[in-house]
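A.B. asks: Need a 3D model of the following:
(chains A, B, C and D)
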Amino acid sequence: MSDVTVAAELKTEPKLVTNQLPAAEIMGESPLHHADLESVAKHGPQEGGVHFHERKLMGLLTLRCMPSAEQQEVIKSLLGVALPMQPLTSVTADDSPIGKVSVRWVSPDEWLIIMVGEKAFELETSFFEKLMGHYSLVNISGGTTIFNVSGRHVVDMLKKSTPVDLHASEFPVGKVVSTVFAKSGAMICRVAEDQFELVVRRSFADYLWLWIQDASREYGLVVHH
Amino acid sequence: MTQDLSKQSNRLQEGGRIDRAKPLTFTYNGKQYKGFEGDTLASALLANGVDIVGRSFKYSRPRGIVAAGAEEPNAIMQIGSTEATQIPNVRATQQSLYAGLVASSTNGWPNVDMDLMGLVGKVGGKMMPPGFYYKTFMYPKSMWETYESYIRKAAGLGRAPKENDPDIYDKMNQHCDLLIVGAGPAGLAAALSAARAGARVIIADEQSEFGGSLLSSKETLNGKPAAEWVAEVVQELSGCADVLMLPNSQVNGYHDHNFLTIQQHCTDQFADRAPNGQIAQRLHRVRAKWVILATGAHERPLVYGNNDIPGCMVANAVSTYINRYGVVPGKDLVLMTSNDNAYRAALDWHDAGRRVVAIVDSRKNPKGTFVEAARERGISILVGSGVIEAHGNKRVTGVSIAPLNEAGDAVVGPIVKMAADTVATSGGWSPVIHLSCHTGARPVWNDDILGFTPGKTYQKQLTAGAINGAFSTAAALSEGFSAASDALSHLGLAKPERVLPEAEQIQESKAMALFHLPHTKPTSKAPKQFVDYQNDVTAAGIELACREGFESIEHVKRYTAMGFGTDQGKLGNINGMAIAAKILKQTIPQTGTTIFRPNYTPVTFGAIAGRDCGELFDPKRYTAMHAWHVERGAKFEDVGQWKRAWYYPKGNETMQEALNRECLATRESVGILDASTLGKIDIQGKDAREFLGRVYTNAWAKLPVGKCRYGLMCGEDGMVFDDGVTSCLAENHFLMTTTTGGAARVLSWLEIYHQTEWPELEVYFTSVTDHWSTMTISGPNSRKLLEKLTDYDVSKDNMAFMDWKSMTVAGVPARVFRISFTGELSFEINVQANYGMHVWKALFEQGEEFNLTPYGTETMHILRAEKGFIIAGQDTDGSVHPFDLGMSWAVSMQKPFSFIGKRGMQREDCVRENRKQLVGLKTIDPNVVLPEGAQGVFDPKAPIPMPMVGHVTSSYWSANLNRSVAMGFVKGGLDKMGQKVFYPLADGRVIEAEICSPVFLDPKGERQHV
Amino acid sequence: MQHYSGFGLLKHSFSHHENWQRVWRNPTPKKKYDVIIVGGGGHGLATAYYLAKEFGITNVAVIEKGFLGGGNTARNTTIVRSNYLWDEAAHLYEHAMKLWEGLSQDLNYNVMFSQRGCLNLGHTLQDMRDIQRRVNANRLNGIDGEVLDTQQVKEIVPVLDCSDRARYPVLGASWQPRAGVARHDAVAWGFARGADAHGVDLIQQTEVEDLIIEDGTVVGVRTARYGEIRADRVGCVVAGNSSVLAKMAGFELPLESHPLQALVSEPIKPILDTVVMSNQVHGYASQSDKGDLVIGAGIDSYNGYGQRGSYSTIEHTIQAIVEMFPVFSRVRMNRQWGGIVDTCPDACPIISETPVKNLFFNCGWGTGGFKATPGSGHVFAASLAKGEMHPLAKPFSMFRFHNGALVDEHGAAGVAH
Amino acid sequence: MFHIYCPHCCEYREEEEFHVAGQAHIARPLDPDACTDKEWGEFMYFRANPRGIHHELWVHGAGCRKYFNVTRDTQTYEIKEVYKVGEKPSVVADDVK
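C.D. replies: Numbers count the residues shown, from 1 in each chain, chains lettered A, B, ... in the order given. This is a model prediction of the structure:
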């Protein structure tokens, strides 16, 4: 058994890249569409220790790669920011070729790239055209959504939900972990002192939304739209 | 201050940590009593002079409160003011008193004070030595269940509620540098030191207030009452952001790698139902870098005749009730001790203004600070003597005292009887080593302190204070500080300054090893001398067990049930071991060691379950079209965690009517299935094709771009575990589908082989199950329907069977796969899931003219069964290979790489004759549907056990064929076409069926090729 | 052997129970035995008992490193049932069931075998298919069994939540009326007492440190306490430690030793009369004659000889129990513990000859050991006595893992479509 | 409850995030077709199952989804080391040194 090696020969791989979004007039339904967060936000409590917001219909791409120096350079030019090679770190750039982008380390050969939904195909295309060698880039926008949770009790709520240590000394802003969340999973990124983003799978979104409501109950949950 | 303390006959006018300004009314056994805020239920009962709190399990003897904490064996109560809020088996010594508390004793009939079972216990008790039930109730054989029903009548302490629990319990995951268990002097000293050094600290204590032993003694620290120092420390700790203080919280389990569980009582200390939706209890799941056990010690009572009569108590409990609760639990005290420490009980009793009849000390020449203090007060001390028996029935009325020999194991002089209503005893202290045992550390006996101390541990664990035998406050403080210093240096944190309060200097003379007091009669004939109160284990019982050959302490415990109560032998285990050691003529360490398992004290099931119950028990996974299915009135089937539409009844349709309608509509026009739950894996890389060839049984080398292929996946044993269609999206790009239930397993399967066996293959796998919504339109009109929604040419010529194409459907970019699980012309439309509902609804808008009919998993099953298609998991069970399934066409033995499963399916047993093979089954009576799971036989007249030849895996009523269809395994079935199989059923029917091809409909496959 | 009876108890009560005989001797081992059984748990003791009683071989020693019945015999959830799917397993467990039914009388020791029935719940359509399949197979194999619907289940266990509220509602169950529970310690002690009475030497606190093998044939064992003890045949019945003994003999077994945890509640008034098991929800429970709810947790997935498992396993089990029995939410868990179960890839035991002549292994019972105790002991005794495997044991040869003739009791792995 | 250091995430995580995948270093025979039934059976089923030092394969399932090896004492449950797939353990049992 040997470790995974990178292909020596660099060329564009024959893969299928297609735009998956319809014209703008067709409205997408996010995984929490049925929960009608808009009216919850309007009619629900406006004060509380935990705030919740679904960053819906974002563009999310999974990049799998063991990037060579050359590939890293290309990726940097496409993303406008270097891939975070340190485990459990993330980077963001506001002025990348595809606008605001966040790149999160998932594993030594995996990153999650988050941008606005409309830009995903553009980035996929530029990768396909520019990045040589072995890699895979997969659009998972439809299968994923992002919960933004914040507030003075957000850490308490998260402590009920995940076994990772969220203390600021262990989990600073910018850190990202994939972990257990209740009986499902989530990728958790601390985006500010008291603000986290949870990347969750579509089919589990309703369960996790129920869970978060339940875990936030004693602190008061404010939903934003 | 004078309060109306009427009826609280044992309450002192002052003193204690109770708030006499806050009287509380509570109910015990139907009668109302008063206590104060700060009381436990036990202290309030004692204040009111309640003697009997229960009846013993086996002999039904009256029992009173013995202790003041977690070690209490007798005061086990039923609590709850309503049916739904009943709590069984609450230890009264650990339950805070609150207004309106309703408690009752858990056994005794008709009640604990006048218990008729007690008579039975007295008469029958003689016939109930340990293990008596192994020796009787055997004859006649048929009578055991009758005997047992009587035994069961006596079972149990409290009762479960009959209604569901209205409370909620939750959990929190905690991480810390240092978890300190116990907030007595050692724990507080440790916490203070660690907090000052900036460590992340959790300190938990089972009591409602921090302070431990300091709360129940009259000791001073820095010349002031110790409680003042406690208050200062608590104040300082509560100002530290990284210190979590958990009173009312039992650390109940110490698991591997410093994982501990803490049960925090949030509201159940104040109410039997959490007010206003609050959390009743919270379970903290703690991962600690270091742990300091500062769990203290429990005082051991002595074992003597009738030592269970109410009024017999542990010495320290007497002090605790006086000093902490302002309750003197009696009038006339006899203290029996083998050590100095217990003298404090007599001093406290005396200082509370009640009479100390005598201190009976087994030692010849006690001297020390407390002994002198007793002498100063003029308390009579009988040295070299022992209380050998208590007298009384429902309360102690007196004691027999006798001079003892040097070893304390024989009576050597005349008996003196004295009147008293309370006997406090002390045989020394047993360190609370329970938690240290949980991770497998074996305790070691320490002769100096006459107790077990924690053994070698593999955990990052330190111990401080009485758990190590450092019983004095000064020593505990010092050990607490030292343990914290050690932990901090391990953690790389700065060592704190040593700032400890000045404790009193107390001289104590050496304690004597005394556990079991002799009697003038041999143990077997003496009045019962209880070791384990809750399970009625006596010294005579232990001796009998040893005599019968149960010599290992584990045998003794199991034979007598010692230590198996809800107190887990906190009071009795060491005494029991000492008694066994003596009769076996061994030392205590030779006899064995004492082992404790989680929990330290019992933990509410609800708290362990946390929020993972009811609606949140397990995730419900939904597809993007779920809301539509709900609106359409679908019934759902649980498939793994998914909620899948099962069928869509209309009006008053029965299930079968709905299925018939769905099946016919699909074959006659067009039906639609939400197939989004199928697992989907995006596979990219130049070696993707090679990889597929290794994990599937068939060939993938030549699958062209734009084509789909069905594949079987086997384990290394050659047995089928999943199947699905994989499509070639581009030369180096594939989309694999898996079964709904197998998705996660297949992805792991691919990853483990890639990461550990074939890392040289350039390929990546990414799950896209949730990314695509999948809707299958199936039936002769499916093309016409699709044409209405797309401009793309979906004609047979442009899009052949097993082709896939990119196109726009209802305005949404889609990948459409012309594959079929029904045998009909079918298109599987995949769109980005955020647009699944849009396309689904558009299909229905356009599908009206074709009577587009939604169908669920059941109709899908029927339609595929008509075609003889298998479902992995239903038609396979991990014991069948592709050849057993008659699917040799899906295996390519010629591939260069020995694919997974190839070698396994060629083992001797896999290629033998007469294996069970999957075949079609046609019932002779077409109207009879074989039950799935029916077992076939060739000879229905054979005697039981009948040789079985295989079971029915799939069986349905086919509305399309107007007859039943079935598949099942039959031994050698593929060679037995046309032969009969018989299915004897539980209801006596025998169904006859003929072996046939599993393809019941359209054997040439013409319908899907149009 | 002193005969036990109610009359005996009465008689002995007049002499303050001072004259009860020892239940077994504490002998010093001889130099040589016909058969040595390594392992003094229920299976080993049963083997010795039947060797002596049924097959007349009394020159037998049972060598136990700790105390009799101190391993998995002392650590299980005491369930006895025989409703296994495959013929080979069903016949073996039913053989045990029949022995259970007369065991107290045979041993003159009340093992408190209580046939209060066992329900295996079904929560999914595939569960119900599997239940039908198993019950039909059981019936044709002469084993009692019925398929019950939700209402029938509710009638048998009123405290079970059979409503639609449940995450996985109860769709039905299989029901084996003859199944039940027995008093686990008593089983070991009863067999030990019976074996001792027939002359078997029970050697406790004696660890086997090596197997003595000469020319590919086992000739005895080496112990720390007594040195070499020779024997014509050696049977190893050491459950979780089987791989350790196999290593001494120079071969591997298809086994993994895992922690299996169990727990009891505090005693409560009788509320659950039968054994209730659920695979889908992952929990099983019964109530003892003392009132404890006896609850089995799952196997921890890692190998472990520490008699401890992970807390998450306990949590999942309690979640399942509270989900099935919401009224137990306020009952409290008293104690948990762990055993070491030796699991086989096909969830069936190994009762087998080995690559070493005259060395036999009886192991791999996984979670199914207790219920098989008398049957396992009986067929192993027969095999040891004749030097040839008993017909019921033959399908359970370790060599089935070479030729592929597994008896896969895992059954249907799960729903998938 | 184990606390396991993931060599890819480079920090300790809770056991709930991991799954064990059996004994480590069991390589699939390179030429399965040349194996006897016995050899193939031994590859699939027969295991050392030691009491004491054990090398096992774990996967950080809820985290980075990478497989890695753990050397663990099956008696005390101490984790002696973790190392990546393809690497060799540095801690081995006394009798295999």
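A.B. asks: give me phi/psi at B:Phe605?
C.D. replies: Main-chain torsions, B:Phe605, degrees, to the nearest 10: phi -50, psi -40.
A.B. asks: Hmm, C:Val327 and it touching each other?
C.D. replies: No. The pair B:Phe605 and C:Val327 does not pass the contact test of C-beta atoms under 8 Å, sitting 10.2 Å apart. Every C-beta, even on glycine, is put in place using the N, C-alpha and C of the backbone.
A.B. asks: quick one, which of these two is more surrounded?
C.D. replies: Each of B:Phe605 and C:Val327 has its neighbours counted (other C-beta atoms under 10 Å in any protein chain shown); B:Phe605 has more, 28 against 21.
A.B. asks: the helices in the chain, which residues?
C.D. replies: You didn't pick a chain, so chain A it is. Per DSSP state H, chain A carries helices over the ranges A:37-43, A:69-79, A:120-130, A:154-159, A:205-216.
A.B. asks: my bad, the chain I had in mind was chain D
C.D. replies: D:37-44.
A.B. asks: for it, which residue is closest to the average position?
C.D. replies: In chain D, the C-alpha nearest the mean C-alpha coordinate belongs to D:Glu56, at 1.6 Å (C-alpha atoms, centre = their mean).
A.B. asks: you'd agree it is up against D:Gln23?
C.D. replies: Yes. Using C-beta under 8 Å, D:Glu56 is in contact with D:Gln23, at 5.9 Å.
A.B. asks: Identify the residues contacting the residue in the stretch 851-1000 of chain B that chain C sits nearest to.
C.D. replies: Using C-beta to the nearest C-beta, the single residue of the stretch 851-1000 of chain B nearest to chain C is B:Gly933, 2.7 Å away. Going by C-beta atoms under 8 Å, 6 or more residues apart in numbering or on different chains, B:Gly933 touches B:His951, B:Val952, C:Met128, C:Arg129, C:Asp130, C:Ile131, C:Gln132, C:Arg133, C:Arg134, C:Val135, C:Asn136.
A.B. asks: before we move on, what about B:Thr146?
C.D. replies: Taking C-beta under 8 Å, 6+ apart as the test, B:Thr146 contacts no residue whatsoever.
A.B. asks: and it, what element?
C.D. replies: helix B:144-153 (DSSP states H and E).
A.B. asks: right, and the helix or strand after that helix?
C.D. replies: Of the helices and strands lying after helix B:144-153 in sequence (DSSP H and E), the nearest is strand B:168-181.
A.B. asks: Check the burial of B:Tyr98 by counting its neighbours.
C.D. replies: Neighbour tally, B:Tyr98, other C-beta under 10 Å: 19.
A.B. asks: mind checking how far it is from B:Thr25?
C.D. replies: 10 Å (C-beta to C-beta, to the nearest Å).
A.B. asks: Check C:His3 too.
C.D. replies: 59 Å.
A.B. asks: And C:Asn362, by the same measure?
C.D. replies: C:Asn362 is 64 Å from B:Thr25, by C-beta to C-beta.
A.B. asks: got it, and C:Asn334?
C.D. replies: For C:Asn334, the distance to B:Thr25 - C-beta to C-beta - is 32 Å.
A.B. asks: Look up which helix or strand C:Met333 falls in, please.
C.D. replies: strand C:332-343.
A.B. asks: and that strand, what does it pack onto?
C.D. replies: Contacts defined by 3 or more C-beta pairs under 8 Å, 6 or more residues apart in numbering or on different chains; DSSP states H and E place strand C:332-343 against strand B:603-604, helix B:605-609, strand C:256-265, strand C:293-299, helix C:311-324.
A.B. asks: how far off helix C:311-324 does it point, in degrees?
C.D. replies: With axes from the mean of the first three to the mean of the last three C-alpha atoms, to 10 degrees as the basis, strand C:332-343 and helix C:311-324 are set at 120 degrees to each other.
A.B. asks: and the most centrally placed residue in chain A, how far is that from B:His881?
C.D. replies: For chain A, A:Val199 is the residue whose C-alpha lies nearest the centre (C-alpha atoms, centre = their mean; 4.7 Å). Computed as C-beta to C-beta, the A:Val199 to B:His881 distance reads 40 Å.
A.B. asks: quick one: contacts for the closest residue to chain A within chain D?
C.D. replies: Nearest residue of chain D to chain A: D:Cys64, at 3.4 Å (C-beta to the nearest C-beta). Each residue near D:Cys64 by C-beta under 8 Å, 6+ apart is listed here: A:Pro87, A:Val106, A:Ser107, A:Pro108, A:Glu110, A:Ser178, D:Cys6, D:His8, D:Cys9.
A.B. asks: Which of the residues you listed has the largest number of neighbours?
C.D. replies: A:Ser178 (28 neighbours).
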